[in-house]
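*Asks:* Attaching a predicted model along with its sequence, questions to come.
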Amino acid sequence: MTISPFLRVQSGCCKPPTSCGFSFSNSTQWTGTSNSTDPDCATWGNDASTLCYGCQSCKAGVVATLRRDWKRIAILNIIFLVFIIIVYSVGCCAFRNNRRDHHNGYKQGGYA
């Protein structure tokens with residue numbers, strides 16, 4: 001089972017790390033004290049504007065999501081670049097052949 005990008009970020013930023021051992025009260029309220037050595041446990045706060053946005057797990061989730069999204073965009077850009085190069089090449093060949101055909105036709109005194 002894969003975790004969706006939103007859940008990865010939400011899991012890292014909106015709830016304390018599992019290693020902290022906090023108990024779930026409601027969506028943003030977690031109770032208990034942590035005896036863990038995980039520095040994210042000390043960073044966690046129940047304030048809705050803070051939560052765990054400074055936690056390393058939150059930052060890692062955001063970076064993982066951005067990295068995945070940028071890879072998809074890079075692949076799309078490469079495909080688009082190849083398409084543009086092919087269209088440009090076909091256009092140049094057609095223009096050159098058209099010019100050569102008309103130039104040769106005028107030398108012969110008419111259209112070929």
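*Replies:* Thanks, I have it. Here the structure is a predicted model, which is why all the values come from computation and not from measurement. Residues are numbered from 1 along each chain as shown.

*Asks:* Contacts for stretch 30-45 next, please.
*Replies:* Stretch 30-45 has contacts (C-beta atoms under 8 Å, 6 or more residues apart in numbering) with 15-17, 19-25, 46, 51-52, 54-57. C-beta coordinates here come from the backbone N, C-alpha and C atoms, glycine included.

*Asks:* Can you select the buried ones from those in ChimeraX?
*Replies:* In ChimeraX, a selection of the buried entries from the contacts of stretch 30-45 looks like this (16 or more other C-beta atoms under 10 Å):
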select :15,16,17,20,22,51,52,55,57
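
*Asks:* Just the ones of the contacts of stretch 30-45 in strands?
*Replies:* Ser23, Phe24 (DSSP state E).

*Asks:* Inside helices: which ones of the contacts of stretch 30-45?
*Replies:* The helices, defined by DSSP state H, take in Gln56, Ser57 from the contacts of stretch 30-45.

*Asks:* Same question for the spatially most central residue of the chain, what's its three-state structure.
*Replies:* With distances taken as C-alpha atoms, centre = their mean, the residue of the chain nearest its centroid is Asp69 (1.2 Å). Per DSSP: H, G, I helix; E, B strand; the rest coil, the secondary structure class of Asp69 is helix.

*Asks:* Distance check, Tyr88 against Val82.
*Replies:* According to C-beta to C-beta, to the nearest Å, Tyr88 stands 11 Å off from Val82.
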